[in-house]
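Colleague: How does the following fold in three dimensions:
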Amino acid sequence: MRSLLIVLFSVCILLSFGALSKPLDRAEAVVLTSPAGGVRLNGTLRLPIGPGPFPAVVLLSEHGTDASDFNSAENQLLGGMADYFVSQGVAVLRLQERGQGGSEGSFSATTLAERTADAITALNYLRTRPQLDVTHIGLVGHGEGGNVALLAGAQPLAPAFVVALAAAGLPGRELLANQPVMYGKVLGHDSTDAQRQQEYQRQALAAEQEAAKMRTQGSNAAQVQTYLDQQHLRQKTAIRRDEEARIKHQRAMLEIVRQTPDNAQAQAILSNMLRQRYPNIAPTDVQASVQLLTTPAYRSYLAFDPQPTLANVRCPVLLLQGEDDAEVNATVNLTLLKKGLHSNPHVAELRYPGLNHALQFSSAKTAGVSPAPTSPDAPANIRTWIMSQK
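Modeller: Take a look at the predicted model:
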């Protein structure tokens, strides 16, 4: 079954992104200087074959994306999207985030305001290129990059259009508190949560074994089902309590960061909170976690509320999200984004069942396919929408 899934998904990718033998584009190295701190940023501009003028997009990634990790979900998403766009006549500029791919600065010290300035710098550069249609240059952002695109859309030198994939409508502190693993938190080596999950699995198996025993001892189907329903309800209640406790703990940690500007003091309190909830956590993970939680980038996102600026976004906007996104709840966040954009008559929305935060097939992840392929529909739908904005 797993092999069949791999074959099917591979065929899907080849068909969608076009495994063509001839060159699809001309790639140029780009070096820009952002006015926010005078930081030099590296990037690559890919131009379709032909005279143009071409529509163009700047791709904006999630915060802290490592450009050298080609197999990461983020790079699979944006890399595949860039390939498709260029093959279909859309130029693509992808800047490496500060501190990544040879760009100056540090991603952990980069605020949302600085990322927005960097995005506008990229737009202004594309406007100088004669091969590009100056009236048809926009931003495509994923996750935090989607919110950066929307922030840029509220600026005087706005893009011609904005595509926001899995962007947040909630304030940063609320989005982070409700994530399965809080943004930037390093708990990969702690066994506490894993032990809880293993215990739930053990309980479920024990319930099935007891049900089988009941059947052999003469219990009828209704009695067995009643027993299983009771066990399921008991476990569901316990899981919900765990979830509520985790969110409460994460929200409390975020409040400490928000209310404690002194990093050393905040880190001391956070260290104690982590050790109390995760007694098996390694000291190195504690240190890494509290340092990330108090970086300028994290503090910037923690203070971020997307709602105040959305009313100033006048350019066309396309909102996309996978319905299986565990990091950014699709229903909650898309509803809030549309509420903030209600005065903009040019807002479209697309939801994708069965896709996660990186628009990967959730079924492939479950089947153990790595890296899980990205939906071929999303790039095609985005390109169609972009071309309709002329």
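Colleague: Over to residue 268. Which of the three states is it?
Modeller: helix (DSSP: H, G, I helix; E, B strand; the rest coil).
Colleague: now it: how far from residue 173?
Modeller: 21 Å (CB to CB, to the nearest Å). Every C-beta, even on glycine, is put in place using the N, C-alpha and C of the backbone.
Colleague: which of these two has more neighbours?
Modeller: residue 173 (19 against 13; other CB atoms under 10 Å).
Colleague: Was I right to think the more buried one contacts residue 254?
Modeller: Yes: contact between residue 173 and residue 254 holds when scored by CB atoms under 8 Å: they sit 5.0 Å apart.
Colleague: Need the residues touching each of the two.
Modeller: residue 302 (CB atoms under 8 Å, 6 or more residues apart in numbering).
Colleague: Pull out the buried positions in stretch 381-390.
Modeller: By neighbour count with 16 or more other CB atoms under 10 Å, stretch 381-390 contains the buried residues 381-383, 385-386, 389.
Colleague: Just name the closest of the residues you listed to residue 250, please.
Modeller: residue 382 (32.4 Å; CB to CB).
Colleague: could you list every residue that touches the closest one?
Modeller: Residue 382 neighbours (CB under 8 Å, 6+ apart): 81, 85, 140, 163, 318, 320.
Colleague: Regarding the second one, which helix or strand does it belong to?
Modeller: When elements are defined using DSSP states H and E, residue 85 is found to belong to helix 73-87.
Colleague: Can you spell out which helices and strands pack onto that helix?
Modeller: helix 2-17, strand 40-48, strand 54-60, strand 91-95, strand 132-142, helix 377-388 (3 or more CB pairs under 8 Å, 6 or more residues apart in numbering; DSSP states H and E).
Colleague: Pick out the residue nearest the middle of this protein.
Modeller: Using CA atoms, centre = their mean, the residue of the chain that lies closest to the mean C-alpha position is residue 143, 3.8 Å off.
Colleague: Which of the contacts of residue 382 sits closest to residue 250?
Modeller: Scanning those for proximity to residue 250, where the rule is CB to CB, the winner is residue 320, at 26.5 Å.
Colleague: what's downstream of the host helix or strand of the closest one, the next helix or strand?
Modeller: Using DSSP H and E, residue 320 sits in strand 317-322. Of the helices and strands lying after strand 317-322 in sequence (DSSP H and E), the nearest is helix 330-340.
Colleague: Any buried residues in the helix or strand immediately after that next one in the chain, and which?
Modeller: Toward the C-terminus, helix 330-340 is succeeded by strand 347-352 as the next helix or strand (DSSP H and E). For strand 347-352, burial by neighbour count (16+ other CB under 10 Å) applies to 347, 350, 352.
Colleague: could you check the distance from residue 28 over to residue 81?
Modeller: 19 Å.
Colleague: neighbour count winner among those two?
Modeller: Between residue 28 and residue 81, residue 81 has the larger neighbour count (other CB under 10 Å), namely 26 against 12.
Colleague: Just the pLDDT for the more buried one.
Modeller: You'll see residue 81 listed with a pLDDT of 93.
Colleague: Correct me if wrong: it contacts residue 59.
Modeller: Yes: between residue 81 and residue 59 there is a contact under CB under 8 Å: 7.0 Å.
Colleague: joint contacts of the two?
Modeller: residue 140.
Colleague: how much space between the nearest residue to residue 177 once chain neighbours are set aside and residue 347?
Modeller: Computed as CB to CB, 6 or more residues apart in numbering, the closest residue to residue 177 that is not its neighbour in sequence is residue 251, at 4.1 Å. For residue 251, the distance to residue 347 (CB to CB) stands at 30 Å.
Colleague: Also residue 206?
Modeller: Taking CB to CB, one finds residue 206 at 50 Å from residue 347.
Colleague: the strands in the stretch 151-300 of the chain, which residues?
Modeller: Applying DSSP state E, counting those that start in this stretch to the stretch 151-300 of the chain gives strands spanning 162-165.
Colleague: For it, give me the ranges with low pLDDT.
Modeller: 181-195 (pLDDT under 70).
Colleague: And the helices in it?
Modeller: 172-177, 192-216, 221-259, 263-277, 283-293, 296-302 (DSSP state H, counting those that start in this stretch).
Colleague: domain parsing for this protein?
Modeller: Domain ranges of the chain: 2-171+305-388, 192-300, per automatic domain parsing.
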